[in-house]
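Asks: sequence and predicted structure are below.
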Amino acid sequence: MDTSLAGIFHQYWNEAEVATNLIVFANIFGALLLGLIVGYERAYHGRAAGMRTYGIVCMAACALTVFAGYPQYWYGGQGVHTMVAVDPTRVIQGIVTGVGFLGAGIIMKDGMNISGLTTSASIWASSAIGVLVGVGFYSAAILLTLLSAGLMMWASKLEGLLPSRPALALTLRFRHGFVPVQATLAKVAGERGYFLAPGSLSARMSEGRQEWRFVAIETDHQKARSLTELANELAVFDGIDSFEITHARN
């Protein structure tokens with residue numbers, strides 16, 4: 001084995017290695033496109049895990065799967081010899097599992113809002129980048145890094161350009177003795193371009209007053225009220241003592 005600097009460079013950047021890296025990258029890029037399509041469906045319905053989260057997870061999972069099919073090109077073409085002494089796939093399995101728990105700790109839920117999903121997914125993708133570098137797939141690792149960074153920076157802008165149905169999370173606290181009716185609430189929401197998300201309504205009684213929490217999803221962009229407009233209307237609604245309204249990412 002040539003241990004000179006030029007020899008080591010040639011091991012990792014020869015024609016066969018680069019060609020294999022490009023095959024890995026082509027699979028990663030295809031997985032990214034498919035993940036974006038699935039993520040857009042979630043973003044369209046106002047879910048927290050949108051195009052960025054699905055795209056990152058899909059391409060990272062692909063990266064960790066496809067490179068395993070080319071062990072003869074690991075470590076500059078020394079992968080087969082290395083696997084005789086130790087199985088790197090077991091090390092990789094431990095890394096991916098451990099990083100998955102780390103990413104899960106970043107996800108936060110506040111009422112009907114969930115945050116940290118994209119950050120968690122990006123941490124998991126970083127482990128895939130580290131694995132690719134570790135086995136010597138430098139080209140694929142660099143390209144995956146560029147895709148991940150670009151996705152986190154620009155996918156949200158792409159989501160903003162595409163049609164979507166934003167959602168609002170509302171908490172209504174009614175006056176003492178007031179009895180709200182769900183059908184009336186649904187009618188009022190419909191007149192303002194929203195509908196109540198199925199299964200999102202929850203109610204509780206506190207000190208003789210009812211409190212309702214639900215998610216309202218936009219149905220008609222033309223007549224849909226903005227958050228501030230809804231807040232102004234709720235402030236004068238009969239029967240409502242207090243309220244909270246935020247953009248929902250659920």
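Replies: Nice, thanks for sending it over.
Asks: use CA for all of it now, contacts and neighbours both
Replies: Will do.
Asks: wasn't G136 part of a strand?
Replies: No. Counting by DSSP: H, G, I helix; E, B strand; the rest coil, G136 falls outside a strand, being coil.
Asks: right, and M152 touches R52 too?
Replies: Yes. Taking contacts as C-alpha atoms under 8 Å, M152 lies within contact range of R52: 6.2 Å.
Asks: what touches both of the two?
Replies: Residues touching both M152 and R52 by C-alpha atoms under 8 Å, 6 or more residues apart in numbering: T118.
Asks: for A121, grab the count of nearby residues.
Replies: Residues near A121, counting by other C-alpha atoms under 10 Å, number 26.
Asks: you'd agree it is up against C58?
Replies: No. Using C-alpha under 8 Å, A121 is not in contact with C58; the gap is 9.6 Å.
Asks: what's the longest helix along the chain packed up against?
Replies: With secondary structure taken from DSSP state H, the chain has its longest helix at helix 15-44. Under the contact definition 3 or more C-alpha pairs under 8 Å, 6 or more residues apart in numbering; DSSP states H and E, helix 15-44 sits against helix 51-66, helix 138-161.
Asks: now those as JSON lines including mean neighbour count and distance to L34?
Replies: Converted to JSON lines, these look like this (neighbours: other C-alpha atoms under 10 Å; distance: least, C-alpha to C-alpha, whole Å):
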{"stretch": "helix 51-66", "mean neighbour count": "24", "distance to L34": "8"}
{"stretch": "helix 138-161", "mean neighbour count": "16", "distance to L34": "14"}
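Asks: ok, which of those helices comes nearest S200?
Replies: helix 51-66 (22.8 Å; C-alpha to C-alpha).
Asks: quick one, the closest one and helix 15-44 angle?
Replies: 150 degrees (axes from the mean of the first three to the mean of the last three C-alpha atoms, to 10 degrees).
Asks: okay, which residue is most central for the chain?
Replies: Taking C-alpha atoms, centre = their mean, the centroid of the chain lies closest to T53, which sits 2.0 Å from it.
Asks: list the contacts for that residue?
Replies: G39, L117, T118, A121, S122.
Asks: who wins for neighbours among these?
Replies: A121 (26 neighbours).
Asks: that one: helix or strand, and which one exactly?
Replies: In the assignment (DSSP states H and E), A121 maps to helix 117-134.
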